[in-house]
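>>> Prediction below, plus the sequence it came from.
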Amino acid sequence: MTAPISIANISHDFGDFRALDDINLEIGSGEYIVLLGPSGCGKTTLLSVLGGFIKPSEGTVLIGGRDMTGVPPAKRPTTTMFQDYALFPHMSLRDNVGFGPRMAGVGKAARNAKADELLDLVGLKEAAKKRPYALSGGQRQRVALARSLAVDPDVLLLDEPLGALDLSLRRAMQDELKQIQRKIGTTFVHVTHDQEEAMAIADRIVVMNGGRIEDCGPPDRVYRQPGSLFAAGFMGEMNRIPGTRKGPMIDTDMGSLPAPNATPTGALTLCLRPEQIGMGKGGWDMGQARITDAAFFGTHFRCHLAPEAASELALIAHLPPNARPEAGSIVSLSADPADLSIFKAET
Amino acid sequence: MRRALPWVYMALAYAFIFLPVVTLVLFSFQDGRLPVPPFNGPTLKWYADVLGDQRLMSALLNSLLVGAGSAALSCALGFLAAYGLARHVLPGSLFLRGLLIAPMTVSYLIIGLGLLIVFNNYGPGPSLWAAGVGHVVINLPLAFAIIYASMGAQQENAERAARDLGASEARVLTLVTVPMLAPAILAAFFLCFTLSWDEFIIAFLMTRFDVTLPVEIWSLLRSGLSPRTNAIGSLVFLVSTLLVIGLELFIFGRKRQ
């Protein structure tokens, strides 16, 4: 089962602290949404509002078209998968997964069948009789997923589900989560502070900061054309080049370039990803720069550069390995103006 | 020599602790009229005598009833208080917690006297029930403290998950909270039982015709020493030891999880 979510004008205060500030978001049926942001940005609060654990100070939440703003967690078509999994340690995996159906009054045979089917889905069919303490972290995470899905939720809410796993397991579980979501078609809302995880898994990423939505869109768009300076910095390494708009041109210390139509006036920050800086001639010639440091990363050299025209500006670029960049040598840099994300400078 | 000293010290310390008990148990097997040296060879006749004594056996049964009943009630009340204070924000909850634990610092004699006055003036007078109530008064703080200490975020999260999966409050309590806290509740139960089983002052003040075992032993002692009292003492010691072993098992069982 699956349902759309409509979040309208949600605000929430914890005492004097505004945790959520006028959030508006439409989530489609069967979409995989990732709420991404640093700790304290309000992403977990928003998830708790969707799950019914927090009643927002203002605004409404519609799930499947029905107003759910004040409805308690048990009566919502949502299930939450908690960060520490919150499995029941005194029950077998089968009883853990069958708990939701049991509460709904499903008979023992039927709920055991349901539990076995879901344990099979997450690859733990053989372990149905084990207790949670006999499992590894990744297996517990799978059981928690199976338990949440056993009540056939329209929406599954995942609170940093992979946070407790080590890196390689986390990457493997991402693929698995996405696969399962595709198979069952339930709407997933997933909270994380790991932007790689978000990009790997999401249909759409919602970047949050200070209780507000900074940007919202498909991973590649949010990464390449971020909607705000904060989103630009949070999604990965970013070069920030100061500039000023003068008529139809933008002036920077590394030369000027034609301003796109929507460019704001005044002081600007031009954002470029390290891999968007190239060598040689290009749409925007950034002049010569001295390589201060180069480290080999297999697919590229990660280089620190000091432009000759603006030596206080430290750039980072991913240069191709066959260029053999060396510390101390001089290279000429260029970039495609279409790759630039241009924002008003922060004061 | 240097290395032997700690071992000598340890042997002396254990001898100091266990000599009275060993003497008691040894002379319960005394073939003679007095439980004093010299030891005249083993006999089980005092045990036969004790186990055949109607009054002693009914006192033993009374002790078991009072112990089990008061321990069960202490744990039930202690659990409810701990759950309430751990899960809900109450005004003055620190004060309420202190108030619950405070009776631990009051001597049994004072509590017993207070209960005696209350039961004589406003209640049905001394009885086994009154002794049971007295034991709940002294054991409730302990049960509360043990159960409260073991309530952590782990249970709270599991309770939240259970509610999210559609469980009513009653089912959260019976299917999640109590089973998860079972080791602590059982530990509290065994400790309360042991304390009630050994308790004399309150039982002495609060009982009249039906008495508990410690009170019966005391009245036997008034007619002088006999290997018979040693035999009773050994039996009581055996039961207490079994209870403590049970308690240890539950505490270790908890650590293994």
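Okay, I see it. All values derive from a computational prediction rather than experimental measurement. Numbering: from 1, shown residues only, chains lettered A, B, ... in the order given.
>>> what sits against whichever residue of the stretch 101-250 of chain A sits closest to chain B?
Closest residue of the stretch 101-250 of chain A to chain B, Cβ to the nearest Cβ: A:Met103 (4.0 Å). For the C-beta atoms, the positions are set from N, CA and C on the backbone; glycine is no exception. Neighbour list for A:Met103: B:Ala162, B:Leu165, B:Gly166, B:Ala167, B:Ser168, B:Arg171 [criterion: Cβ atoms under 8 Å, 6 or more residues apart in numbering or on different chains].
>>> leaving aside the residues next to it on the chain, what's closest to A:Ser151?
Wrong residue type there; residue A:151 is Val, not Ser. Leaving aside its sequence neighbours, A:Val151 sits nearest to A:Gly100 (Cβ to Cβ, 6 or more residues apart in numbering or on different chains; 3.6 Å).
>>> cool, A:Pro77 as well?
A:Asp154 (3.8 Å).
>>> what's the pLDDT at that neighbour?
pLDDT recorded at A:Asp154 is 90.
>>> still on that earlier bit, name only those of the contacts of A:Met103 that count as buried.
By neighbour count, with 16 or more other Cβ atoms under 10 Å in any protein chain shown, the contacts of A:Met103 hold B:Ala162, B:Leu165, B:Gly166, B:Ala167 as buried.
>>> quick one: low-confidence parts of the chain?
Assuming you mean chain A. For chain A, the stretches flagged by pLDDT under 70 are A:347.
>>> actually chain B
Across chain B, the ranges flagged by pLDDT under 70 are B:36, B:250-257.
>>> Which other helices and strands does the longest helix along it contact?
Once chain B is assigned using DSSP state H, the helix that runs over the most residues is helix B:54-87. With contacts defined as 3 or more Cβ pairs under 8 Å, 6 or more residues apart in numbering or on different chains; DSSP states H and E, the packing partners of helix B:54-87 are helix B:93-101, helix B:128-149, helix B:153-164, helix B:178-198, helix B:213-221.
>>> Just the element for A:Thr269, please.
Under the criterion of DSSP states H and E, A:Thr269 resides in strand A:267-272.
>>> And stretch B:92-112, what's buried?
The neighbour-count check on stretch B:92-112 (16+ other Cβ under 10 Å) flags B:Arg97, B:Leu100, B:Pro103, B:Tyr108, B:Ile111, B:Gly112 as buried.
>>> Tell me who's in contact with the closest residue in space to B:Val21 that isn't next to it in sequence.
Counting by Cβ to Cβ, 6+ apart, B:Val21 lies nearest to B:Phe237, which is 6.3 Å off, once chain neighbours are set aside. Going by Cβ under 8 Å, 6+ apart, B:Phe237 touches B:Val21, B:Leu24, B:Val25.
>>> Among those, name the buried ones.
For the contacts of B:Phe237, buried by 16+ other Cβ under 10 Å: B:Leu24, B:Val25.
>>> Hmm, B:Asn40 is touching B:Phe29, no?
No - with contacts counted by Cβ atoms under 8 Å, B:Asn40 stays clear of B:Phe29, the gap being 9.5 Å.
>>> More neighbours: those two, which one.
More crowded of B:Asn40 and B:Phe29, by other Cβ atoms under 10 Å in any protein chain shown: B:Phe29, with 20 against 14.
>>> Please name the nearest non-neighbouring residue to that one.
B:Pro42 (4.3 Å).
>>> element containing the spatially most central residue of chain A, please.
With distances taken as Cα atoms, centre = their mean, A:Ala198 lies nearest the centre of chain A, 3.2 Å away. In this structure, A:Ala198 sits in helix A:195-201 according to DSSP H and E.
>>> who in the stretch 101-250 of chain B is up against chain A?
B:154, B:157-158, B:160-168, B:171, B:175-176, B:179-180, B:182 (Cβ under 8 Å from any Cβ of the partner chain).
>>> Partner strands of the helix or strand where A:Ile33 lies and their direction?
Element membership for A:Ile33 (DSSP H and E) is strand A:32-36. The strands beside strand A:32-36 in its sheet (DSSP bridges) come out as strand A:187-192 (parallel), strand A:204-209 (parallel).
>>> which other residues reach the helix or strand following it?
Per DSSP H and E, the first helix or strand lying C-terminal to strand A:32-36 is helix A:43-51. The list of residues contacting helix A:43-51 from outside it, by Cβ under 8 Å, 6+ apart, reads A:5, A:7, A:10, A:12, A:19-20, A:23, A:35-37, A:54-56, A:61, A:63, A:73, A:76, A:78, A:80, A:155, A:157, A:159-160, A:189, A:191, A:193, A:208, A:211, B:164.
>>> Output the helix or strand following helix A:43-51 as CSV, nothing but the C-alphas.
Once helix A:43-51 ends, the next helix or strand along the chain (criterion: DSSP H and E) is strand A:58-63. The C-alpha trace of strand A:58-63 is given here as CSV (Å, rounded to 0.1, in the frame of the first residue of the first chain):
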residue,chain,number,x,y,z
GLU,A,58,1.0,25.2,13.3
GLY,A,59,0.1,23.7,9.9
THR,A,60,-1.5,20.5,8.7
VAL,A,61,-0.3,17.1,7.5
LEU,A,62,-2.5,15.2,5.0
ILE,A,63,-1.7,11.5,4.3
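>>> returning to that earlier point: list the buried residues for the strand holding A:Thr269?
For strand A:267-272, by 16+ other Cβ under 10 Å, it's A:Leu268, A:Thr269, A:Leu270, A:Cys271, A:Leu272.
>>> again with stretch B:122-142
Buried residues in stretch B:122-142 (16+ other Cβ under 10 Å): B:126-142.
>>> need the residues of chain A near chain B, please.
The interface of chain A toward chain B, taken as Cβ under 8 Å from any Cβ, is made up of A:51, A:53, A:72-74, A:79-80, A:82, A:84, A:86-90, A:99-100, A:103-104, A:133, A:147, A:151.
>>> I'd like to know which of those residues are buried.
A:51, A:53, A:73-74, A:79-80, A:82, A:84, A:86-90, A:99-100, A:103, A:147, A:151.
>>> Next, A:Phe88: phi, psi?
Main-chain torsions, A:Phe88, degrees, to the nearest 10: phi -90, psi 110.
>>> ok, it - contacts?
Here A:Phe88 is in contact with A:Asp95, A:Asn96, A:Phe99, A:Pro132, B:Ala158, B:Ala161, B:Ala162, B:Val176, B:Pro179, B:Met180 (criterion: Cβ under 8 Å, 6+ apart).
>>> Which among the residues you listed count as buried?
Neighbour counting over the contacts of A:Phe88 (16+ other Cβ under 10 Å) leaves A:Asp95, A:Asn96, A:Phe99, A:Pro132, B:Ala158, B:Ala161, B:Ala162, B:Val176, B:Pro179, B:Met180 as the buried ones.
>>> quick one: the fifth one from A:His90, how far?
For B:Ala158, the distance to A:His90 equals 9 Å [Cβ to Cβ, to the nearest Å].
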